[in-house]
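Student: Please find the sequence and the predicted model below.
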Amino acid sequence: MHNVVHIRIDEHKQENMTTKFDIAKLKAQVMLGNTEAMYDLAGDYLYGIGVEIDIVKAHSLLEKAADKGFEPAKRIMESVFANNGQSTELDPEFKEEGYEMVKAMSQAADKGDPAALHLKSFARLSDDTDDFRFYRAVKDQEQACQKCYVPALHSLGVVYYRGKRIKGKEQEGASMILSAAQQEFIPALQSLMGISPESAFDILERMSKKEDVDGGVYSMLSRFYLNGVKVDKDEKKGLELIEKAADKGDSEAIHDLAIIYEFGQYGVEKDLAKSIAYLEKGAKLEDAQCMNDLAWALEKSEDYPHDYNRAFELYRMAADKDNAMAYNNLGTCYKRGIGTEVDAPKALECYQKAIELGEKNSSYWNLYLYYMDGVCTPRDSVKAVEWLEKGDDAGVAQCTYQLTKHYMNGDGVEEDADKLFFYMNKAASMGFEEAFFKLADCYRYGVGTEKDGRKAFEWYQKAAEVCVEGIADLGQCYTYGIGTPQDYKKAAELYKIAAEQGNAQAQCDLGICYRSGEGVEKDPLKAIEWYLKAAEQEHGGALNNLGIMYQHGIGVEADPKKAFNYYKRAAEAGNADGQFCVGLMYLNGHGVEQDEAEGVRWFKEAAKQGEPDSMFHLAACYNEGRGVERDVAAVAYYLYCAADRGFQPAIDAINRNKIPRPELPQ
């Protein structure tokens, strides 16, 4: 949605600003080794400004400047000359499609034409342009502003108002944007809406009453009525204005209507068919956003017939218009063969192009998956981590958080608890919600940092505001007095909230509350009820607790076989207590046929997780030769393993029998 700027260049209207004397001065500076002079003189030879065109001389001057480390010279060589700047001939594509246009624009700018000055330098006003070219662009825009050229007034006003590269001119920038908007320049009105909505509304209202109104005016005006800014909220009128804008072919309004019907906003019923119809209309107008969203619907929607070939073509067309998200989606098409053949190099190229165009969140993540999931290229976790690190540097919180998993598992990097904590803390500070309770866990258990119950409690509180896991963990803080006074009633209340939302850990913990009567009235039947809900999700702790209830007849008739079955499920789910209980039942033939060797096997599984009772029983088995051959060294080893974890029976056995600590583990 932009005003069309018509440029009429009259080559005889003004004399060139670059004179022979200017050229002579540049040549003198070149002889003194001035790289900026080399760059400027090269441009003069390239486009015939003050001198005859000489492509070879232009290349030679740029090459000298580049050799001296002048980056702008290197960039222009690579973009203008063939073989990535190595040839003295122009790049064929640039020669055919761009050279004559740039030459005419450069010559017109040298004559002081404001439109040419604006177009020549507009793209160089971005924040990632090097200082040399940025400030040259500002100078060109200032010259165009002196001739009252409205697009330049707006562009330079935005630069001043942002205050990123030029400080102290923010108010002047706002005034320039207002001035351009008062002259009914649509892009300036768009900018003004974020600076002074009241001023923008007054101008838009005035413009809307004219004949042949630009659709963008209706589109912008609609936002005031939809959001109740400056005027009373009136969704009906807002929608009427968007529809007027769409009828005039305003692509932004067409896209807005597609979204409104897709999600049923502003009182409109959801209607996917209408949404698609608007996207089709926008696609016919070659609007990149509409083409990308239409392709997404054709590829992904479960409520609309898939057409992968057309989706691919629409992504490609939108990408050709430099739509960053379309490049990202096109990359996935090439990676997975959606509507096209699998092409790993093109997938990689598309993801990287999306990043260049500013689409960071999805593209850095997709580049991580490109190397991680092995879909179109062999899995390479080292390169995958490198892209996570780049995403982290770019401020992509999902990449920052994912780094914690690699440092936890040693995948692509060495295991490093300190780095795990560093990235977890960073992700949480960036507002990545999943990191909240994980960071709390770090403080609770001392992973990569000192144990700190108070900080753990604070982060669990934050997690509780955004996820059910946080609510469950906050309940445990009140149960065990982590960073807060012990409060069983408060703990049970939190467990119940999380349990009713289907959190298995909270269901298990609530069952414990009912079994023990902590925070609630003791009720074994309710305990079993909540254990069963958690057991449906194969929660190891709940399965183990059900085994205890059936083994000891708590709330149910004692049933050793059922107890064994629940213990076995808990053990297979990785629960250390369940593994110990299964081992004990096999060892003694309780609820299952006796199998001492199988009992020892399960004790060892539990011991790997640090379960001390299993270690103590393993020592007993090696001492008595139950399920294993007798082994005095193994007895000492497992006794000390259990004792080091504070298991009192093991400590007593060591002291009673005066068993020395073994030198080497078995």
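Tutor: Cool, the structure landed. If you're wondering where the values come from, they're calculated on a predicted model, not measured in any experiment. Numbers count the residues shown, from 1 in each chain.

Student: Every contact and neighbour count from this point should use C-alpha atoms.
Tutor: Will do.

Student: How many residues are close by the closest residue to residue 605 other than its chain neighbours?
Tutor: Leaving aside its sequence neighbours, residue 605 sits nearest to residue 579 (Cα to Cα, 6 or more residues apart in numbering; 6.7 Å). Neighbourhood size, residue 579 [other Cα atoms under 10 Å]: 30.

Student: For residue 579, give me its contacts.
Tutor: 567, 568, 570, 571, 572, 602, 603, 605, 606 (Cα atoms under 8 Å, 6 or more residues apart in numbering).

Student: which residues are contacting the longest helix anywhere in the chain?
Tutor: The residue-count maximum for a helix in the chain (DSSP state H) belongs to helix 131-146. Outside helix 131-146, the residues that touch it by Cα under 8 Å, 6+ apart are 72, 112-115, 117-118, 120-122, 124-126, 152-153, 155-156.

Student: Repeat the analysis, applying 6 Å as the threshold.
Tutor: 114, 117, 118, 121, 124, 125, 152, 153 (Cα atoms under 6 Å, 6 or more residues apart in numbering).

Student: and if you look at stretch 607-620?
Tutor: 580, 603, 635, 638, 639, 642.

Student: Give me the buried positions along it.
Tutor: 607, 611, 612, 613, 614, 615, 616, 617, 618, 619, 620 (16 or more other Cα atoms under 10 Å).

Student: how distant is that stretch from the center of its chain?
Tutor: Taking Cα atoms, centre = their mean, to the nearest Å, one finds stretch 607-620 lying 43 Å from the centre of the chain it belongs to.

Student: again with stretch 277-295
Tutor: Distance, centroid of stretch 277-295 to centroid of chain: 25 Å (Cα atoms, centre = their mean).

Student: Please apply the same query to stretch 413-433.
Tutor: For stretch 413-433, the distance to the chain centre is 15 Å (Cα atoms, centre = their mean).

Student: For that stretch, what does the pLDDT average out to?
Tutor: In this model, stretch 413-433 has a mean pLDDT of 97.

Student: Next, the buried residues of it.
Tutor: Buried residues in stretch 413-433 (16+ other Cα under 10 Å): 415-417, 419-428, 430, 432-433.

Student: Surely residue 343 and residue 333 touch.
Tutor: No: Residue 343 is beyond contact range of residue 333, at 8.8 Å (criterion: Cα atoms under 6 Å).

Student: So the two - more neighbours on which side?
Tutor: A direct count of neighbours by other Cα under 10 Å for residue 343 and residue 333 places residue 333 higher, at 26 against 17.

Student: got CSV for the contacts of helix 131-146, with pLDDT, secondary structure and neighbour count too?
Tutor: Compiled in CSV, the contacts of helix 131-146 are given as follows (pLDDT from 0 to 100; DSSP: H, G, I helix; E, B strand; the rest coil; neighbours: other Cα atoms under 10 Å):
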residue, pLDDT, secondary structure, neighbour count
114, 95, helix, 27
117, 94, helix, 27
118, 95, helix, 27
121, 92, helix, 20
124, 90, helix, 19
125, 92, helix, 22
152, 96, helix, 29
153, 97, helix, 26
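
Student: Could I get the residues you listed in a markdown table, plus columns for distance to residue 631?
Tutor: Listed next are the contacts of helix 131-146 as a markdown table, based on distance: Cα to Cα, whole Å:
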| residue | distance to residue 631 |
| --- | --- |
| 114 | 94 |
| 117 | 90 |
| 118 | 88 |
| 121 | 83 |
| 124 | 78 |
| 125 | 78 |
| 152 | 88 |
| 153 | 89 |
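
Student: Can you tell me the closest non-neighbouring residue to residue 518?
Tutor: Using Cα to Cα, 6+ apart, the closest residue to residue 518 is residue 488 (5.6 Å).

Student: ugh, typo on my part, it should be residue 171
Tutor: residue 161 (6.5 Å).

Student: count of neighbours near the one you found?
Tutor: By other Cα under 10 Å, neighbour count at residue 161 equals 22.

Student: low pLDDT regions in this structure?
Tutor: 1-16, 664-666 (pLDDT under 70).

Student: if you set the cut-off to 80 instead, what comes out?
Tutor: Across the chain, the ranges flagged by pLDDT under 80 are 1-17, 128, 663-666.

Student: Quick test: name the residue nearest the centre of it.
Tutor: The residue lying closest to the centre of the chain (Cα atoms, centre = their mean) is residue 361, at 3.6 Å.

Student: For that residue, list the residues it contacts.
Tutor: residue 396.

Student: next one: residue 18
Tutor: Taking Cα under 6 Å, 6+ apart, we find residue 18 in contact with residue 50.

Student: Swap in 8 Å and give it another go.
Tutor: 49, 50, 110.

Student: In this structure the second one contacts residue 20, no?
Tutor: Yep, that's residue 50 we're talking about. Yes: the pair residue 50 / residue 20 is scored as a contact, 6.1 Å apart, by Cα atoms under 8 Å.

Student: Between the two, which has more neighbouring residues?
Tutor: residue 50 (19 against 12).

Student: Checking the more buried one next. Helix, strand or coil?
Tutor: Judged by DSSP: H, G, I helix; E, B strand; the rest coil, the three-state class of residue 50 is coil.

Student: Number the residues from 52 up from this point.
Tutor: I'll keep to 52 as the first residue from here, and by that count the last item is residue 101.

Student: Give me the distance between it and residue 144.
Tutor: According to Cα to Cα, to the nearest Å, residue 101 stands 26 Å off from residue 144.

Student: My guess is residue 314 contacts residue 321. True?
Tutor: Yes: with contact defined as Cα under 8 Å, residue 314 reaches residue 321; the gap is 5.6 Å.

Student: tell me the strands in this protein, going along the chain?
Tutor: Secondary structure of the chain (DSSP state E): no strands located.

Student: Send over stretch 422-440 as CSV, restricted to the C-alpha atoms.
Tutor: Output of stretch 422-440 as CSV, limited to C-alpha atoms (Å, rounded to 0.1, in the frame of the first residue of the first chain):
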residue,chain,number,x,y,z
TYR,A,422,21.1,-30.7,10.2
MET,A,423,19.4,-32.4,13.2
ASP,A,424,16.5,-34.4,11.8
GLY,A,425,18.3,-36.1,8.9
VAL,A,426,15.4,-35.6,6.5
CYS,A,427,17.4,-34.5,3.5
THR,A,428,21.0,-34.4,4.7
PRO,A,429,22.9,-36.7,7.2
ARG,A,430,22.4,-35.8,10.8
ASP,A,431,25.2,-33.5,12.1
SER,A,432,24.5,-32.3,15.6
VAL,A,433,27.7,-30.2,15.7
LYS,A,434,26.4,-28.0,12.7
ALA,A,435,23.0,-28.1,14.2
VAL,A,436,24.3,-26.6,17.4
GLU,A,437,26.2,-24.0,15.4
TRP,A,438,22.9,-22.8,14.0
LEU,A,439,21.3,-22.8,17.5
GLU,A,440,24.2,-20.5,18.6
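
Student: Show the contacting residues for residue 388.
Tutor: residue 394.

Student: do residue 429 as well
Tutor: Neighbours of residue 429 in contact, by Cα under 8 Å, 6+ apart: residue 422.

Student: now residue 593
Tutor: 559, 582, 583, 585, 586, 621.

Student: Distance check, it against residue 485.
Tutor: Taken as Cα to Cα, the span from residue 593 to residue 485 is 24 Å.

Student: next one: residue 431
Tutor: Residue 431 sits 25 Å away from residue 485, going by Cα to Cα.

Student: cool, residue 300 as well?
Tutor: Counting by Cα to Cα, the gap from residue 300 to residue 485 is 43 Å.

Student: Residue 712 now?
Tutor: Applying Cα to Cα to residue 712 and residue 485 gives a distance of 43 Å.

Student: These two: who's more crowded?
Tutor: residue 485 (18 against 14).

Student: who touches the more buried one in this structure?
Tutor: The neighbours of residue 485, taking Cα under 8 Å, 6+ apart as the test, are 479, 514, 518.

Student: ok, now how distant is the second one from residue 524?
Tutor: Using Cα to Cα, one gets 9 Å for the distance from residue 514 to residue 524.
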